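Student: Sequence and computational prediction follow.
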Amino acid sequence: MSRALTLVLPVFVALVIVCAVWLGIDRRPPEWDHANHLERAVLCAADLGAAKIRSLLERSSFYPPLVTCTAGALYRLLPSDALAGQITMWLFLGLGMLGTYLLGRRVGGDLVGGVAAVLFGTAPFVVFSALRFQLDLPLAAFVAVSLWALTTTDSFTRRTPALLTGMVFGLGLLTKASFPLYVLPAVFVSLRRFRQSGVLANASLTLGVATIVALPWYGPRAFGILTQVGARAGRQAAESGHPDPLTWMGLSFYPTWIVPQLGVVTVLLMLAGLVVALGRGQVGLVASVLVPFALCALIQNKNLRYTLPILPAAAVVAGLAFGALGPRLRRCAGAIVAIGALLQVGATAFGVPPSPSILRGVPWLMASAPSTDDWRQREVLAVLMRESGGQAVVSVVPNSAYFSVSNFRYFAVRDGLPLRFVRAWDGDPLGVDLMVLKSGHQGPTWTAAKPQRINERFATDPYLARAFPVVAEFPLPDGSSATVRSRRVPPHPAPPGAIAEAVEAAVRRNAARFARDIDGLTVTLTWGADIARGRVERLVMSARSATLGEFARRDTATLRVRELRLVATDLLVDPASVVALSRLDVLDVGRIAVEQATISNADLTVFLKGLKHFRRARLILEDGAAHLALGQAGPDVAARIRIVPASDRPFAIEASDVRVAGVPIPSALVNWVIRNYDPTPRLAARLPVPVEIGDVVIRRDAVEIRPEKGAR
């Protein structure tokens, strides 16, 4: 073992001990993505136990399974999911330090590698990330190993290292989809000898091996992953309140936070090291720091996690500056590095010493001291189980870091509870059996409006408060209080016939929210004595024609339908509000069936033009099927589609003769293409109640839904 590596190993062991002590003290629930990834780890453990490889590969549409399933495998061996997740982070921390050491040794010698590994492992944001089950530290580890593996190919002139590099690249892709951003700059620099014999062949071998390793997960998502990445980088970032990337606030975010991310000593060494690296011809290493950093600065979605994978290369650049010092300066710099590492780890993990601000809101170091605060999830879940009496839909209204739908859903999955958790509801709490609310802080500003609106409605609407009375209340560590509300509609003293008349009249008025230009509307109710508690056995609505749409939304797409017949069974409405205010508050529906409808070819074309992702679509109806061509920024997609029954959604799409850019797709790969355009899974996930449709018949002039039900 090299002398420098004997220094790196004790530092890694010390970091693991620090993390273990932190984990033993901290009692907070996992936040947002932390909880989501732990939930996937638990689900992957179940998939591994049942050998459900297909389910494992289909679990997430955006996050690859390598990290979560590593934790899932450990969870099957260990009694604690939190410990399994933490050990996974320790393993990747060690891999990252090892990869950084190997990269540093390759470009500057043993001393450079050892210093770089220590600088990386003790960087404030690396310590911060090691305390949380996220994908970015593992991604940084694979970036470090990949950059080292790439150097062993000697600019793709060596075949065996090129093959091994492809395997590492494939594992990096299975860690997170953004992996290429951090390694491609160095790859392009390595291809500078592309005219030399064997270089392009070896580079192709690397690409081929990486593709084979990553294909089982990326193949089915090949046509959708770039769209998702673009949406998260742009549209979703704007919705979250991130500034425009070309403004001063957008461009200065990462430079402003670079000191608390890397540490002041590493930043100073890195700035000097960039000059040293360029002087030694280490263009690929410099590109691995500057190019991803610049690209991240130009992306609207900002988070320090996105620049974490740059830290291994930045630490090696800093190590080059350290190695360039004379012996006397090197001893002084070594003492400074050691003191800085101790301060960074102590301040990050335990808040000792305290970290002052260098700018408004920007600290010197990342502080994440453990907390013994109890956010009462166990007690809340016990109340929910008591009130549910079995399966139930629970709406978690707040989106606070330690009190959100993410951590409640994770705990329920981990403990095998028969509860389905959903976010804050829109309009009426349709299909919601129980609610968890919170006073005070509701979460980030871009999500707080809806929880605040719901809290205000409970404060001002006595009818809703009566239908969902408070059944439990708990004080929370931030000074707020949590309340659990359970749906308990009290009987209304009005005569049953009067309640039924009020419901029918309210249904007619309420139809305007979703239908306009209605011709021949009829409403028929079937009810019994339970209508005093708001129970309606059957509601039938029919119309000769109507224009349907979500008219509460701006720029909603509308659909003209003829001969429409809707049947809703097992309705639950609030009888008090419908009698007193003539307001229809629908609280639950057992099932909604679209038994009959006719949509003309022209009306269907107008509807598709109103949908954002189908504005360039061409639809041609045929007898028994429809030919759909989708024009888009990338290659156009065309397919012949049929509408068939489904048990888990209103209907399913069956595709054949699928073509991408005019090229026929083999039948075995059809789902890889169509799953990215099929709206039915998302439609089923959005629907708060079960929806069914009758048999769908496609003709040249119209699409018809017939009352006769097909086999389900």
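Tutor: Received it, and whenever you're ready, just let me know what you need. Residues are numbered from 1 along each chain as shown.

Student: okay, now the domains of this structure?
Tutor: The record's domain parsing of the chain by automatic domain parsing lists 3-216+244-363, 377-486, 491-594, 616-712.

Student: In CSV, list the C-alpha atoms belonging to stretch 271-279.
Tutor: The C-alpha coordinates for stretch 271-279 follow below in CSV (Å, rounded to 0.1, in the frame of the first residue of the first chain):
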residue,chain,number,x,y,z
LEU,A,271,-7.7,28.1,-8.6
ALA,A,272,-3.9,27.8,-8.6
GLY,A,273,-4.1,24.2,-9.8
LEU,A,274,-6.0,25.2,-13.0
VAL,A,275,-2.8,27.0,-14.0
VAL,A,276,-0.6,24.1,-13.0
ALA,A,277,-2.8,21.6,-14.9
LEU,A,278,-2.8,23.6,-18.1
GLY,A,279,0.9,24.0,-17.9
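
Student: Mind listing what's buried along that stretch?
Tutor: 272-274, 276-277 (16 or more other CB atoms under 10 Å). For glycine as for every other residue, the C-beta is placed from the backbone atoms N, C-alpha and C.

Student: what do you get for stretch 251-268?
Tutor: 251, 253-254, 257-268.

Student: out of these, who's nearest Leu683?
Tutor: Proximity of the buried residues of stretch 251-268 to Leu683 (CB to CB) peaks at Phe253, which lies at 36.5 Å.

Student: you'd agree that closest one is up against Ala297?
Tutor: Yes. Using CB atoms under 8 Å, Phe253 is in contact with Ala297, at 7.2 Å.

Student: Residues in contact with the host helix or strand of Gly284: which ones?
Tutor: Assigned by DSSP states H and E, Gly284 belongs to helix 283-298. Identification of contacts with helix 283-298 by CB atoms under 8 Å, 6 or more residues apart in numbering yields 107, 147, 150-151, 181-183, 185-186, 188-190, 245-246, 250-251, 253-255, 270, 274, 277-278, 302, 306-307, 309-310, 313-314, 316-317.

Student: Run through the neighbouring helices and strands of the helix or strand following it.
Tutor: Beyond helix 283-298 on the C-terminal side, the first helix or strand identified by DSSP H and E is helix 304-307. Here helix 304-307 touches helix 248-262, helix 283-298, going by 3 or more CB pairs under 8 Å, 6 or more residues apart in numbering; DSSP states H and E.

Student: where does this structure have its least confident helix or strand?
Tutor: Ranking every helix and strand in the chain by mean pLDDT, DSSP states H and E puts helix 235-239 at the bottom, with a mean of 58.

Student: Pull out the buried positions in the longest helix seen in the chain.
Tutor: Counting by DSSP state H, the longest helix found in the chain is helix 81-108. Neighbour-count burial for helix 81-108 flags 81-82, 84-108 (criterion: 16+ other CB under 10 Å).

Student: can you tell me which of the helices and strands packed on helix 304-307 the model trusts least?
Tutor: For the helices and strands packed on helix 304-307, mean pLDDT drops lowest on helix 248-262, to a mean of 87.

Student: Just the residues contacting that helix, thanks.
Tutor: With contacts defined as CB under 8 Å, 6+ apart, helix 248-262 is touched by 119, 123-125, 242-245, 267, 270, 293, 296-297, 300, 302, 304, 307-308, 311, 314-315, 355, 358-359, 362-366.

Student: which other helices and strands contact the next helix or strand after that helix?
Tutor: Reading on from helix 248-262 to the C-terminus, the next helix or strand found by DSSP H and E is helix 264-279. The elements that helix 264-279 packs onto, with contact taken as 3+ CB pairs under 8 Å, 6+ apart, are helix 110-121, helix 248-262, helix 283-298, helix 311-323, helix 327-350.

Student: those helices in the stretch 401-550 of the chain, which residues are they?
Tutor: Read by DSSP state H, counting those that start in this stretch, the stretch 401-550 of the chain holds these helices, from start to end of the chain: 405-415, 445-460, 462-467, 496-510.

Student: With respect to burial, which of those scores highest?
Tutor: Comparing those by mean neighbour count (mean count of other CB atoms under 10 Å), helix 405-415 comes out on top with a mean of 21.

Student: Could you tell me the angle between it and helix 81-108?
Tutor: Here the directions of helix 405-415 and helix 81-108 differ by 110 degrees (axes from the mean of the first three to the mean of the last three CA atoms, to 10 degrees).

Student: Just give me how far helix 405-415 sits from the chain centre.
Tutor: Centroid separation for helix 405-415 versus its chain: 15 Å, with CA atoms, centre = their mean, to the nearest Å.

Student: Equivalent analysis for stretch 72-83, please.
Tutor: For stretch 72-83, the separation from the chain centroid amounts to 22 Å (computed by CA atoms, centre = their mean).

Student: Run through who's touching it.
Tutor: Contacts of stretch 72-83 (CB under 8 Å, 6+ apart): 23, 38, 40-49, 71, 84-85, 87-88, 414.

Student: Report the rounded mean pLDDT for that stretch.
Tutor: Mean pLDDT, stretch 72-83: 89.

Student: measure that stretch end to end?
Tutor: 11 Å (CA to CA, to the nearest Å).

Student: buried residues in it?
Tutor: Buried residues in stretch 72-83 (16+ other CB under 10 Å): 72-75, 81-82.

Student: pLDDT weak spots in the chain?
Tutor: For the chain, applying pLDDT under 70 flags the ranges 1, 224, 226-242, 358-360, 708-712.

Student: thinking again about what came up before, now compare the buried residues of stretch 251-268 and name the two farthest from each other.
Tutor: Distances among those were taken as CB to CB; the most separated pair is Leu251 and Val265, at 25.1 Å.

Student: how far does stretch 279-299 sit from the chain's center?
Tutor: Distance of stretch 279-299 from the chain centroid (CA atoms, centre = their mean) equals 28 Å.

Student: Look up the closest residue to Gln391, ignoring the ones flanking it.
Tutor: Leaving aside its chain neighbours, Gln391 sits nearest to Pro418 (4.5 Å; criterion: CB to CB, 6 or more residues apart in numbering).

Student: Could I get the contacting residues of Gly416?
Tutor: Neighbours of Gly416 in contact, by CB under 8 Å, 6+ apart: none.

Student: try Arg544
Tutor: Residues near Arg544 by CB under 8 Å, 6+ apart: 519-520, 562-563.

Student: Repeat that for Gly24.
Tutor: Neighbours of Gly24 in contact, by CB under 8 Å, 6+ apart: none.

Student: Assign it to helix, strand or coil.
Tutor: Here Gly24 is recorded as helix under DSSP: H, G, I helix; E, B strand; the rest coil.

Student: Kindly report the same for the one 4 residues further on.
Tutor: When classified by three-state DSSP, Arg28 comes out as coil.

Student: Pull the contacting residues for it.
Tutor: Arg28 makes contact with 371, 373, 375, 402 under the criterion CB under 8 Å, 6+ apart.

Student: Pick the one among those closest to Val579.
Tutor: Lowest distance from Val579 to the contacts of Arg28 (CB to CB) belongs to Trp375, with 40.1 Å.
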